[in-house]
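# Structure, please.
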Amino acid sequence: MPLMPLPVRATLVKGRESLVLISPIRFTEEQVAQIRQVGEVTDIVAPSLLHHLAIPKAAQHFPKATLWGAPGLPEKRADIAWQKILTRDSWLSALDLEPHLIGGAPKLNEVVFLEKQSRTLIATDLCFNLQDARGLGAFLILSYFGTYRRFGVSRFWLRYVTDKEAFLESLRVILSWDFDKIVMAHGHVIESGGKALLQASLRERGLKI
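Numbers count the residues shown, from 1 in each chain. Next comes the predicted model:
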């Protein structure tokens with residue numbers, strides 16, 4: 001990100017018959033080895049139209065994995081051999097990991113997941129939690145987002161909403177899920193109380209949820 005370093009997280013989810021890699025990053029060889037120690041990656045997921053840059057390299061590291069793209073990615077990244085489009089109906093691991101496309105923001109098409117056993121919401125850019133952000137650039141940008149050194153739904157994300165009713169309906173679905181923990185691409189994991197924090201942040205943004 002301009003003016004500031006932006007930490008980014010990939011998430012690895014081990015299911016009963018799957019090992020799903022969500023939003024891969026530019027892994028070091030040590031990180032690739034750590035992933036392989038967990039098992040054979042079955043699925044690689046690009047969960048939004050913004051998180052796809054490391055997909056080709058991840059596919060080289062884990063060639064047996066199925067490549068899943070959020071809706072719209074096959075058109076945006078026609079150079080990648082996507083095998084599946086990420087939808088609730090097409091996703092095969094719903095027993096462990098339930099997906100939901102956040103509606104109303106077609107330029108993002110972020111898909112969030114519920115990991116049921118650990119009661120964890122896995123998000124990408126919907127919320128940030130950069131508690132250790134430093135420097136003037138971080139202060140300016142994250143203050144504009146409304147997420148400077150605090151958990152919050154990013155105002156930057158909300159600017160992409162073009163259909164508020166579809167967006168609100170998606171939020172109702174997400175808040176109906178049984179989750180306590182939140183793992184996001186940018187920032188510290190929320191270990192507990194995540195649902196209440198998410199709802200409070202949405203209300204702070206003027207959304208009646």
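
# ok, how many other residues are close to Phe151?
Neighbours of Phe151 under the rule other Cβ atoms under 10 Å: 21. Yep, even glycine has a C-beta here, placed from its N, CA and C like the rest.

# Can you report phi and psi for the closest residue to it other than its chain neighbours?
Once flanking residues are discounted, Phe151 sits nearest to Asn129: 4.4 Å by Cβ to Cβ, 6 or more residues apart in numbering. With angles defined as degrees, to the nearest 10, Asn129 sits at phi -150, psi 60.

# got the contact list for Asn129?
If you count contacts by Cβ atoms under 8 Å, 6 or more residues apart in numbering, Asn129 has them with 147, 150-152, 182, 184, 186-190.

# tell me, what residue is most central in the protein?
Thr124 (2.3 Å; Cα atoms, centre = their mean).

# Quick check: most distant residue from the centroid of the protein.
Leu136 (26.3 Å).

# And the pLDDT at it?
As predicted, Leu136 sits at a pLDDT of 93.

# if you skip the residues just before and after it, what's nearest to it?
Per Cβ to Cβ, 6+ apart, closest to Leu136 is Leu3, 7.7 Å.

# on that earlier part again, now do the SS call for the residue nearest to the centre of the chain.
For Thr124, the assignment made with DSSP: H, G, I helix; E, B strand; the rest coil gives coil.

# Please look at it and Val45 and confirm they touch.
No. In this structure, Thr124 is not within contact of Val45 by Cβ atoms under 8 Å, at 10.0 Å.

# quick one: which helix or strand includes the residue nearest to Leu136?
Assigned by DSSP states H and E, Leu3 falls within no helix or strand.

# same thing with Arg203?
Short version, using DSSP H and E: Arg203 is in helix 194-204.

# residue boundaries of the strands in this structure?
Assigned by DSSP state E, the chain shows strands spanning 11-14, 19-22, 43-46, 66-69, 84-85, 97-101, 111-115, 120-122, 127-128, 152-153, 181-183.

# Which one of the ones you listed lies nearest to Arg205?
When the strands of the chain are compared by Cβ to Cβ, strand 152-153 sits nearest Arg205, at 5.6 Å.
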